[in-house]
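Enquirer: show me how the following folds:
(one chain, ligands or ions: 1)
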Amino acid sequence: MNLLKNQSYRGRLAPSPTGLLHLGHARTFWVAQERARANGGMLILRNEDIDSTRFKLEFVPQMIEDLRWFGFEWQEGPDCGGPFGPYSQSERRPFYAAGLEKLRVGGFVYLCTCSRKDIRDAASAPNAGDDEGPIYPGTCRPKESVKCQVSSVMQSTNLTSHDTLHVTRGTRVNWRFRVPDGETISFTDGNCGEQKFVAGKDFGDFVVWRGDDVPAYQLACVVDDAAMQITEVVRGADLLMSTARQILLYRALGLTPPAFYHCALMLDEKGKRLAKRHDALSLRALRERGETPESLRRF
Ligand SMILES: [Zn+2]
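Expert: Numbers count the residues shown, from 1 in each chain. Just a heads-up that it's a prediction; the model follows:
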């Protein structure tokens, strides 16, 4: 079932307000905008501010101003509304809780009490080749998938009214997605071509709801892209393997994945990927130095 098939192109910009936007973000976003324009489609701005431990409120208006200054134009977003709002992730918690509930009922997730240190210390934990850290060694993984577990992340999650609180309040308990070991997840990327990742080998069981009661990026992203009827996701190539994880989430949630288009990352003079620490290349700093959007758009 492909609900999106006959609809027009819907792309998105999904910045997180954890620092100033830099030229690397702008370049990827520009590709997203160009693709939306070339397809006569819509561009949606989604403010990925779900992780309140990392984002700073003052960055949100700056981020929107920087994007406008650079020449981005979106038709739906936190500043202008639209039919699929709210467009800030901090206001979309019930959507993610419903997603987690579906995964829980379907037996796709399990509770994991491991700390980051526990996982790091597990001798047999090679790193996944991306930002998700070591491959989860499976410490808390039940032998078989357990459907309809009765417990909850934390009382505040309010998943269902009759959830029994098995977890001591304040205990850091993650919900982790059980990947189908050995299955090859493949997709055709619009820019990078054929992609293949083996579940359980290239990446392991991943967190969908964090112990500090924050929905994880993977879940929030899938839930939002589906709910906002995004037809193509344009983002940085650092997220190629996360696309494999997300395809598993789409399947578990009974949703159709969008198309994907991953852009090469912008590197600094040392060959390192641009990060928010490269303040000199923030749009704000470049603007203050007298650069114009027109000159910067040549990349
Ligand atoms: Zn664990």
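
Enquirer: need the pLDDT of residue 164.
Expert: pLDDT, residue 164: 33.

Enquirer: now do the one 3 residues further on
Expert: At residue 167 the predicted local distance difference test score is 43.

Enquirer: show me which positions of the helix ranked longest in the chain end up buried.
Expert: Ranked by number of residues, the top helix in the chain under DSSP state H is helix 23-38. For helix 23-38, a neighbour-count test (16 or more other CB atoms under 10 Å) marks 23-33, 35-36 as buried. Every residue, glycine included, has its C-beta placed from N, CA and C.

Enquirer: with stretch 105-113 instead?
Expert: By 16+ other CB under 10 Å, the buried positions in stretch 105-113 come out as 107-112.

Enquirer: in strands, which of these fall?
Expert: Per DSSP state E, strands hold the following members of the buried residues of stretch 105-113: 109-112.

Enquirer: what about the ion: which of the buried residues of stretch 105-113 touch it?
Expert: Filtering those for proximity to the ion by CB under 5 Å from the ion leaves residue 112.

Enquirer: now the buried residues of stretch 105-113 in TSV, with pLDDT?
Expert: What follows is the buried residues of stretch 105-113, written out as TSV (pLDDT from 0 to 100):
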residue	pLDDT
107	97
108	98
109	98
110	97
111	96
112	96
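
Enquirer: closest to residue 47 among the buried residues of stretch 105-113?
Expert: Within the set of the buried residues of stretch 105-113, residue 109 lies nearest residue 47; the separation is 26.1 Å, counting by CB to CB.

Enquirer: contact residues of the stretch 51-200 of the chain facing the ion?
Expert: Proximity of the stretch 51-200 of the chain to the ion (CB under 5 Å from the ion) is limited to residues 112, 114, 139-140.

Enquirer: can you select the buried ones among the residues you listed for me in PyMOL?
Expert: Buried residues within those, by 16+ other CB under 10 Å, are selected in PyMOL with:
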select buried, resi 112+114+140
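
Enquirer: now, the most widely separated pair of the residues of the stretch 51-200 of the chain next to the ion?
Expert: Taking CB to CB, no two of those sit farther apart than 112 and 139, at 7.4 Å.

Enquirer: where does the stretch 151-299 of the chain dip in pLDDT?
Expert: Applying pLDDT under 70 to the stretch 151-299 of the chain picks out residues 151-171, 275-278, 299.

Enquirer: show me the strands in the stretch 1-150 of the chain, by range?
Expert: Applying DSSP state E, counting those that start in this stretch to the stretch 1-150 of the chain gives strands spanning 10-13, 42-45, 109-112.

Enquirer: quick one: list the elements packing against the last one.
Expert: In terms of contact count using 3 or more CB pairs under 8 Å, 6 or more residues apart in numbering; DSSP states H and E, strand 109-112 is assigned the packing partners strand 174-177, strand 206-209.

Enquirer: from the contact counts, what lies against the last one?
Expert: Translated: strand 206-209. In this structure, strand 206-209 packs against helix 93-105, strand 109-112, strand 174-177, helix 217-227, with contacts taken as 3+ CB pairs under 8 Å, 6+ apart.

Enquirer: chain center to that strand, what's the gap?
Expert: Here the centre of strand 206-209 is set off from its chain's centre by 11 Å, with CA atoms, centre = their mean, to the nearest Å.

Enquirer: then stretch 205-219?
Expert: The chain centroid and the centroid of stretch 205-219 are separated by 10 Å under CA atoms, centre = their mean.

Enquirer: in it, what's buried?
Expert: Neighbour-count burial for stretch 205-219, counted by 16+ other CB under 10 Å, picks out 205-211, 214-219.

Enquirer: got the contact list for residue 66?
Expert: If you count contacts by CB atoms under 8 Å, 6 or more residues apart in numbering, residue 66 has them with 20-21, 283-284, 287.

Enquirer: returning to what we had before: and which of the ones in strands among the buried residues of stretch 105-113 is nearest to residue 93?
Expert: Nearest to residue 93 out of these is residue 109 (CB to CB; 17.2 Å).
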